[in-house]
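# let me see the structure of the following:
(3 chains)
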Amino acid sequence: MSADQSSLVSRWKTAISDLRQGRAKRRTYVILMVVALAFLAVLPFVAGNYWVRVVTGIFMFATLSQAWNVITGYTGYFAFGNVAFLGTGAYVTAVLVVRYSVPVPVAIVIGAVVAAVYAMLLGFPLLRITGHYFSIATIGVNLATREIAFNLPSITGGGMGITMPLMRVSIQTFYRYIYFGMLGLMLLCTAAVYLLMRSRTGFAFRAIGADESAARSMGINTTLYKVLAWGFSAFFFGLVGGLYAYWFSFIEPPMVFNPANAIKIVAMTYLGGIGTLPGPIIGAFILEIISETVWGRFLELHLAVLGLIIVFVTVFMPNGLLPLIRGESSLRALVQNLRERRL
Amino acid sequence: MAILSGKGVSKRFGALAAVDQVDFEIAEGEILGLIGPNGAGKTTLVNVICGSLPITAGTVHFKGQDISEWTANRVAESGIARTFQIPKPLPGMTVLENTMVGGLFGRARRSRDMNHVRELARETLAFVGLEARVDARVEALTVADRKRVELAKALAMDPELLLLDEVMAGLNLVEIETVMDLIRQIKDRGVTVLVIEHVMKAVMGLCDRILVLHHGKRIALDTPQEISRDDRVIEAYLGERYAAAKGQRVN
Amino acid sequence: MWLQVIINGLLIGGFFASTAMGFSIVWGVMDVVNSAHGAFIMLGAYVTYGLHTMLGLDPFLSIPISMLVLFIIGFLTQKYIVNLIMKTAVSMSFVLTWGLDILLINIALVLFTANWRSVSPSYAGAHWAIGTATVSYIRAGVLIVSVLLMFGLSYFMSRTKMGKAILATAFDKDAARLVGVNIGHIYAVTLGIGSALAGAAGSLTSMIYPISPQLGVTLIAKAFVVTALGGLGDMRGVIAGGLVLGFAESLGVALLGPEYQMALDVLMLVAMLILRPQGILGKKYYG
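Numbers count the residues shown, from 1 in each chain, chains lettered A, B, ... in the order given. All right, here's what the predicted structure looks like:
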């Protein structure tokens, strides 16, 4: 190899290692993002409908996982039932579009706002409860909201669901619209979380997640910030819900309040790395692609594997893949950690 | 002028009175020591003042305002900062970030400029001697360093009243001297300090006055000299320790 | 009519208490919310179903077998999986057992399919008449078994060496370790017992309701409500909680009709979490 070539190679290597450890120069990140975005922007025009739908699903779950991470990974309140807000966003959007002829984008945003307000109102009583109880309460909220959707047929169509109007374009164009919509949500959510966690509010969230009573003694109004965190995550769940309703053109309670989605979000976020920014995205990509190619055809098997992944990750890699990718941890360190935890 | 005063402060846990009708006041700018045998109610009193525990009876006034029913975060925002006996650093965050939380949410509450807050946090950490460890994760710190972080977090809140709970426990003689010096500097900056301590040398050497608790009741509130002569205190607490402290001071 | 409501409340309340016993003991002793408890109940139900369908074994007689099978499953699960995360954050056990629950339910779906099945012994429809009300043999039997299980558990915890070791561990595991108790083993036995109780509850369930792999999902919610109502740490609390829920449901069905049962349960769950979490502060298990 000539001198030029080898120095290029070594520059590549340093760039990659810096990237892995989160130490790269801003310029490297920008280049990487532009390349990735370019790739993703071109994808729907070269790949078939199937893959466009799959990648759209990845964007959707990456957004949900990222938003979920805010209340769970950072603030420490494990809201397993957050899909309730996805369902809320979906239903509000559907009702507004179908019954009141509100334009779809507006309806989606209103749906998200309603979901956020719902979360914040629930948050005041529920976020006082700690640990296991809160998690279970959120599952209860999801079930309760589903029941509400079932039992108000005059508004929500009850068990019959709601059918959305179709866009007057070809299927392919429609899927592309949705694809870019979800991509946009994913970027928006990631950017929002990035800015949020560097702000004063983000510090409050992390402090609460670290040690709530210490946070209180330092002047943090923990109730207020917990409610904000939940409202933030519910907002994005609502946005996704609204777009999801439009995407599938038909919604019914078991679909949008489906706990299986909650399972996927949990698995993805843990797999990627809970409480980190790239974690949920990495988890979403890996899990969706693998599941789609390997076992997606068999629903029960799919869910069983997700369950297995959750068990595996919580026992062996509680911090997810990210520390391994970053070189902050290694297989040996994980084994060591496991040994230390022996009773 | 009293910056903090308590009248008939009581805290009961069922039938047990951990703090029993305690009256006290702390003058602005002074260093008040709070001593008493283990279980006397010192930490409980601090918890009640700070709003970490609800008060059972009595009142607490801070700068003329009744703070008896205030929540912990409201008390912290108003200018009272405390450290915990067993330090509670925020895990998963660096030393610098821990200190910044104090700067962002204490009385200082500099909400706009994160860079400014970061700079001030660095200064506070330099003051307590942790400038070399600003980016370390708190889980990796030694016990002594954890106590420094605990102090830095509280100082970053820019308090008018600082409550230190056994900040010198487990430190060697040199470290104790360092901390005593820090406390004196803190006082010079105009901060009123309450020090819960068992290390007699520090208490006698630092404090303007000392409040003595025993079984939740106040048994004395006086200058160090008077305390060391007070029969009730000697009986309850000082005993041999007094002799050791007196002997050291003579040296 | 009211007599029937009361009787129903009593019968179903005893059943609810039995679903909660295993859940409560695991939570009280180990501070582990076993999200897979529902799946364990489901497995117990299938054991009874299998024995009944293939060997004609009377469902009541299959209870000891399902208890044994589930004890082994629970013991091994704790020993080789859950014990590894006992020293980590409390939330981890919730997530872990949740993953386990999903795994078990979906394996069951693959193996048994989602078809509803039922266990109908020859005496299925028989009942006594008391005034205007009826008491079915089976439901009475279920209540009796539930009561026996409660007494059995109480006796075990207070009179046997293992039971005392478990209580000691619940109180202060470091002190227990110092006197020679093998904590890992105790935890494994505890989950084993909790699972065995779930297995028994599952057997009982199969006699009253049709079963499917998703059976545990609603039952764990009821177990949770009962545990929370009764307060952790006391079998008497579990009984009380079970009766309260039983009567509430019986009344609700009588007044509002069965469609609202699910909604009522969820409402009770959420309301209870808001209004009574203070009643659950005592997490130590006192037996």
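
# phi first, then psi, for the closest residue to chain C within the stretch 151-300 of chain A.
Closest approach of the stretch 151-300 of chain A to chain C (C-beta to the nearest C-beta) occurs at residue A:300, with a separation of 4.3 Å. All C-beta atoms are positioned from the backbone trio N, CA, C, and that covers glycine. The phi/psi pair for residue A:300 (degrees, to the nearest 10) reads phi -70, psi -40.

# tally of neighbours for it?
18 (other C-beta atoms under 10 Å in any protein chain shown).

# just give me the neighbour total for residue 193.
As the question left the chain open, I've gone with chain A. Neighbour tally, residue A:193, other C-beta under 10 Å: 22.

# I was thinking of chain B, sorry if that wasn't clear
What residue B:193 shows, counting by other C-beta under 10 Å, is a neighbour count of 22.

# can I assume residue A:164 is in contact with residue A:94?
Yes: contact criterion C-beta atoms under 8 Å: residue A:164 and residue A:94 qualify, at 5.9 Å.

# in terms of neighbours, single out the busier of these two.
residue A:94 (26 against 19).

# surely the more buried one meets residue A:155?
No: between residue A:94 and residue A:155 there is no contact under C-beta under 8 Å: 10.3 Å.

# quick check: residue B:231 vs chain A, distance?
Distance, residue B:231 to chain A, by C-beta to the nearest C-beta, to the nearest Å: 37 Å.

# could you pull up phi and psi at that residue?
phi -60, psi -40.

# using PDB, list the CA coordinates for stretch A:218-233.
This file holds the C-alpha atoms of stretch A:218-233, laid out as PDB (Å, rounded to 0.1, in the frame of the first residue of the first chain):
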ATOM      1  CA  MET A 218     -31.800  20.300  45.300                       C
ATOM      2  CA  GLY A 219     -34.800  22.400  44.400                       C
ATOM      3  CA  ILE A 220     -36.400  20.300  41.600                       C
ATOM      4  CA  ASN A 221     -40.200  20.300  41.600                       C
ATOM      5  CA  THR A 222     -40.300  16.600  40.800                       C
ATOM      6  CA  THR A 223     -44.000  16.400  40.200                       C
ATOM      7  CA  LEU A 224     -44.000  19.100  37.600                       C
ATOM      8  CA  TYR A 225     -41.000  17.700  35.700                       C
ATOM      9  CA  LYS A 226     -42.300  14.100  35.800                       C
ATOM     10  CA  VAL A 227     -45.600  15.300  34.300                       C
ATOM     11  CA  LEU A 228     -43.700  17.300  31.700                       C
ATOM     12  CA  ALA A 229     -41.700  14.200  30.800                       C
ATOM     13  CA  TRP A 230     -44.700  12.100  30.400                       C
ATOM     14  CA  GLY A 231     -46.500  14.800  28.400                       C
ATOM     15  CA  PHE A 232     -43.600  15.100  26.100                       C
ATOM     16  CA  SER A 233     -43.500  11.400  25.400                       C
END
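
# how far away from the center of its chain is it?
Relative to the chain's own centre, stretch A:218-233 is displaced by 19 Å; criterion: C-alpha atoms, centre = their mean, to the nearest Å.

# and what of stretch C:124-131?
That offset, for stretch C:124-131, works out to 26 Å (C-alpha atoms, centre = their mean).

# ok, and what's touching that stretch?
Identification of contacts with stretch C:124-131 by C-beta atoms under 8 Å, 6 or more residues apart in numbering or on different chains yields C:3, C:7, C:134-138, C:140.

# same check, this time on stretch A:97-105
Counting by C-beta under 8 Å, 6+ apart, A:93, A:96, A:107, A:110, A:162-165, A:246 sit against stretch A:97-105.

# helices or strands next to the helix or strand where residue C:94 lies in the packing?
With secondary structure defined by DSSP states H and E, residue C:94 is part of helix C:90-112. Judged by 3 or more C-beta pairs under 8 Å, 6 or more residues apart in numbering or on different chains; DSSP states H and E, helix C:90-112 is in contact with helix A:131-150, helix A:259-272, helix A:299-316, helix C:37-55, helix C:215-230.

# can you say which of these is nearest to residue A:222?
Closest approach to residue A:222 among these is made by helix A:131-150 (13.1 Å; C-beta to C-beta).

# okay, residue C:283: pLDDT?
The confidence metric pLDDT takes the value 42 at residue C:283.

# separation between residue B:6 and chain A?
Residue B:6 is 19 Å from chain A, by C-beta to the nearest C-beta.
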